[in-house]
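K.L.:
mind folding the following:
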Amino acid sequence: MALHVAELDSSAIRRAAYEDEARTLDIWYADGDRYSYFDVPMDVYRSLRSASSAGEYVNREIKPNYRYEIEARRRRFRPE
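P.N.:
A predicted model of the protein is given here:
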């Protein structure tokens, strides 16, 4: 089980972590929220790291294509 972590030079995203065995991508946004995206291929994580705009890449390639959950402790602060 390998965990890959990258600090991103982005105004929207602070950090991304990819766990290759579980194929889970965790993204920490600038507002403090952490989202976990599931069944993400490694090459999507690599593309995120090299994207000219990490925020645009997430909005275009990750959010619409992968199931996700927001970190449970943050969920209580969001309207249902």
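K.L.:
ok, now which ones touch Ala22?
P.N.:
By CB atoms under 8 Å, 6 or more residues apart in numbering, the contact set of Ala22 is Met1. (C-beta placed from N, C-alpha, C; glycine too.)
K.L.:
and it, how far from Asp31?
P.N.:
According to CB to CB, to the nearest Å, Ala22 stands 25 Å off from Asp31.
K.L.:
Leu48 - how many residues pack around it?
P.N.:
22 (other CB atoms under 10 Å).
K.L.:
tell me the secondary structure at it.
P.N.:
What DSSP: H, G, I helix; E, B strand; the rest coil gives for Leu48 is helix.
K.L.:
now it: closest residue in space that isn't a chain neighbour?
P.N.:
Nearest-residue entry for Leu48: Tyr57, 5.5 Å, with adjacent residues in sequence omitted and distances by CB to CB, 6 or more residues apart in numbering.
K.L.:
residues touching that neighbour, list them.
P.N.:
Taking CB under 8 Å, 6+ apart as the test, what Tyr57 contacts is Ser47, Leu48, Ala51.
K.L.:
residues near the first one, how many?
P.N.:
Put plainly, it is Ser47. Neighbours of Ser47 using other CB under 10 Å come to 13.
K.L.:
check the last one too.
P.N.:
Here the count is done by other CB under 10 Å, and Ala51 has 17 residues near it.
K.L.:
likewise for the one 3 residues further on?
P.N.:
A count of nearby residues for Ala54, using other CB under 10 Å, gives 22.
K.L.:
who are the contact partners of it?
P.N.:
By CB under 8 Å, 6+ apart, the contact list for Ala54 reads Leu8, Asp9, Ser10, Ala12, Ile13, Ala16, Leu48.
K.L.:
wouldn't the last one be in contact with Ile62 here?
P.N.:
So the one you mean is Leu48. Yes. Taking contacts as CB atoms under 8 Å, Leu48 lies within contact range of Ile62: 7.1 Å.
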